[in-house]
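Enquirer: need coordinates for the below:
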Amino acid sequence: MSKKLIAVAAAAALALTGLVGIAPANSAVGPFNVVPTGAASNHTDRDGTTAAKSIQINVPSADVLRFVASDASVALTTGTVVKLEVTTPGNTDAITISSTGGVKVITDTVFDDGDATSATGTQTLTDVAATGNATVYAYTTSTAAGTVVVSSGGSSETIHISGLSQFVYKLNLTATSTAAISGDVTITGTAKDAFGNDLTTPVPEASWTVTGLGGNFTGAALTDTFTYTAATKTYKMVVTNRNSAGSAALSVTLDAAVKSTAVTAFGTPVLTAFFTVNAADLSAQVTALTAQVAALTADYNALAAKWNARVASKKAPKKAVTLK
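Expert: Here you go, the predicted model:
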């Protein structure tokens with residue numbers, strides 16, 4: 001081979017080497033994939049593939065969005081967001097995200113700003129991958145399962161997410177207003193979080209305190225029986241009324257471990273309930289009412305007799321009335 005041909009071949013090889021080293025702006029990176037991390041609890045059966053296997057994350061009880069990496073040694077984290085790490089086929093592929101139910105999503109830019117709250121997210125957004133990767137965060141305000149659908153480059157993946165609610169924000173209780181002396185006073189109602197969800201795990205009996213004022217109520221721990229009905233998500237406490245006639249006051253409070261802190265965005269919390277209960281001698285009331293009925297009956301019969309006398313004299317309407 002001549003020196004001229006050798007020089008041409010060398011130049012061509014160098015040029016080809018340079019071309020190989022220059023990748024297109026949106027060259028292939030890898031298969032589309034979405035990896036969720038940061039669940040509230042480490043359940044191996046909750047991979048997000050179905051509603052029944054939804055990834056659980058804490059409902060924001062303090063209106064703070066917080067990512068905490070999963071840790072097999074921790075039974076329950078304080079995280080309130082799930083991180084979704086997206087891999088796209090191309091370096092700069094467009095990504096679309098949509099959600100359903102109580103699930104909302106935000107970009108890593110918004111999340112990293114540090115000011116995100118439960119009102120920040122949206123149920124639709126778009127993003128663009130950088131070197132084939134993007135990060136999105138998802139959170140939920142509902143204990144019911146919702147979804148996040150991530151799509152890019154003609155592929156998509158659906159991830160199911162549900163909320164884990166652990167703290168009470170509002171009590172809604174009612175109580176018996178009048179009961180017999182030493183009779184039953186029943187307190188019933190619900191305990192919900194800031195978004196109106198029933199707690200994932202019911203508030204245990206030990207977290208409720210019922211105290212009274214008046215008669216033998218004063219300073220006493222009054223709960224005699226406690227039940228929780230899962231079908232209606234209703235709590236029921238029965239206490240024995242004061243042992244003498246008169247009125248008494250009842251208060252129902254919760255332990256700090258199950259109460260939310262007050263958050264302006266969530267409205268005013270209701271974490272204590274107060275009731276006035278009357279203790280009455282019901283047998284005496286029955287006797288008094290019986291006497292009242294007898295007196296009313298006598299008055300009625302006297303008037304009826306006069307009416308019937310007029311009917312008999314044919315000076316009044318034709319129809320007599322019946323005596324009691």
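
Enquirer: how about the strands of the stretch 151-300 of the chain, start to end?
Expert: 155-164, 170-175, 178-180, 184-192, 208-213, 223-229, 234-240, 246-254, 272-280 (DSSP state E, counting those that start in this stretch).

Enquirer: and residue 160, what is it in contact with?
Expert: Residue 160 sits next to 48, 49, 50, 51, 53, 54, 55, 145, 146, 147 when contact means CB atoms under 8 Å, 6 or more residues apart in numbering. Where C-beta positions appear, they are placed from N, C-alpha and C, glycine not excepted.

Enquirer: likewise residue 223?
Expert: 205, 208, 209, 210, 237, 238, 239.

Enquirer: how is this protein carved up into domains?
Expert: 23-164, 170-280, 283-324 (automatic domain parsing).

Enquirer: could you tell me the end-to-end distance of the second one?
Expert: Across domain 170-280, the straight-line distance between its terminal residues is 31 Å, by CA to CA, to the nearest Å.

Enquirer: surely residue 207 touches residue 254?
Expert: Yes - assessed by CB atoms under 8 Å, residue 207 is found in contact with residue 254 at 5.7 Å.

Enquirer: and residue 227, how far from residue 241?
Expert: 19 Å (CB to CB, to the nearest Å).

Enquirer: neighbour count: these two, which is higher?
Expert: Taking other CB atoms under 10 Å, residue 227 and residue 241 do not tie; residue 241 has more neighbours (25 against 11).

Enquirer: how close does that one sit to residue 216?
Expert: 10 Å.

Enquirer: quick one, phi psi at the residue nearest to the spatial centre of the chain?
Expert: The chain has residue 197 as the residue nearest its centroid, 2.1 Å off, counting by CA atoms, centre = their mean. With angles defined as degrees, to the nearest 10, residue 197 sits at phi -80, psi 140.

Enquirer: correct me, but it touches residue 59?
Expert: Yes - if you go by CB under 8 Å, residue 197 and residue 59 touch, sitting 6.5 Å apart.

Enquirer: shared neighbours, these two?
Expert: 141, 142, 143, 163, 165.

Enquirer: list the contacts for the last one?
Expert: Going back to what we said before, that points to residue 165. Contacts of residue 165 (CB under 8 Å, 6+ apart): 58, 59, 61, 143, 193, 195, 197, 198, 199, 200.

Enquirer: can you pull out the low-pLDDT segments for the stretch 1-150 of the chain?
Expert: 1-30, 71-73 (pLDDT under 70).

Enquirer: can you map out the strands along it?
Expert: Using DSSP E, counting those that start in this stretch, strands in the stretch 1-150 of the chain cover 33-37, 55-58, 82-87, 94-99, 103-107, 124-128, 133-140, 146-152.

Enquirer: so residue 133 makes contact with residue 89?
Expert: No - Residue 133 lies out of contact with residue 89 (CB under 8 Å); the separation is 11.6 Å.

Enquirer: centre of the chain to stretch 85-97, how far?
Expert: 33 Å (CA atoms, centre = their mean, to the nearest Å).

Enquirer: returning to that earlier point: give me whichever of the strands of the stretch 151-300 of the chain is most buried.
Expert: strand 155-164 (a mean of 21; mean count of other CB atoms under 10 Å).

Enquirer: what angle sits between that one and strand 82-87?
Expert: 170 degrees (axes from the mean of the first three to the mean of the last three CA atoms, to 10 degrees).

Enquirer: any idea of the angle strand 155-164 forms with strand 133-140?
Expert: Using the same axes, to 10 degrees: strand 155-164 against strand 133-140 is 30 degrees.

Enquirer: would you mind writing the CA trace of strand 155-164 as CSV?
Expert: In CSV, the C-alpha atoms belonging to strand 155-164 read as follows (Å, rounded to 0.1, in the frame of the first residue of the first chain):
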residue,chain,number,x,y,z
SER,A,155,-44.7,3.1,28.0
SER,A,156,-46.5,3.6,31.3
GLU,A,157,-46.6,2.2,34.8
THR,A,158,-49.4,2.4,37.4
ILE,A,159,-48.6,2.5,41.1
HIS,A,160,-51.3,2.2,43.8
ILE,A,161,-50.8,4.3,47.0
SER,A,162,-53.0,4.5,50.2
GLY,A,163,-52.7,6.7,53.3
LEU,A,164,-51.8,5.6,56.8
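
Enquirer: sheet partners, orientation included, of it?
Expert: strand 55-58 (parallel), strand 146-152 (antiparallel) (DSSP bridges).

Enquirer: what's the mean pLDDT across it?
Expert: Averaging pLDDT along strand 155-164 gives 97.

Enquirer: and of the strands paired with strand 155-164, who's closest to residue 265?
Expert: Residue 265 sits nearest to strand 55-58 of all the strands paired with strand 155-164, at 16.7 Å, using CB to CB.

Enquirer: buried residues, the closest one. List them.
Expert: 55, 56, 57, 58 (16 or more other CB atoms under 10 Å).

Enquirer: please name the nearest non-neighbouring residue to residue 94.
Expert: residue 128 (5.8 Å; CB to CB, 6 or more residues apart in numbering).
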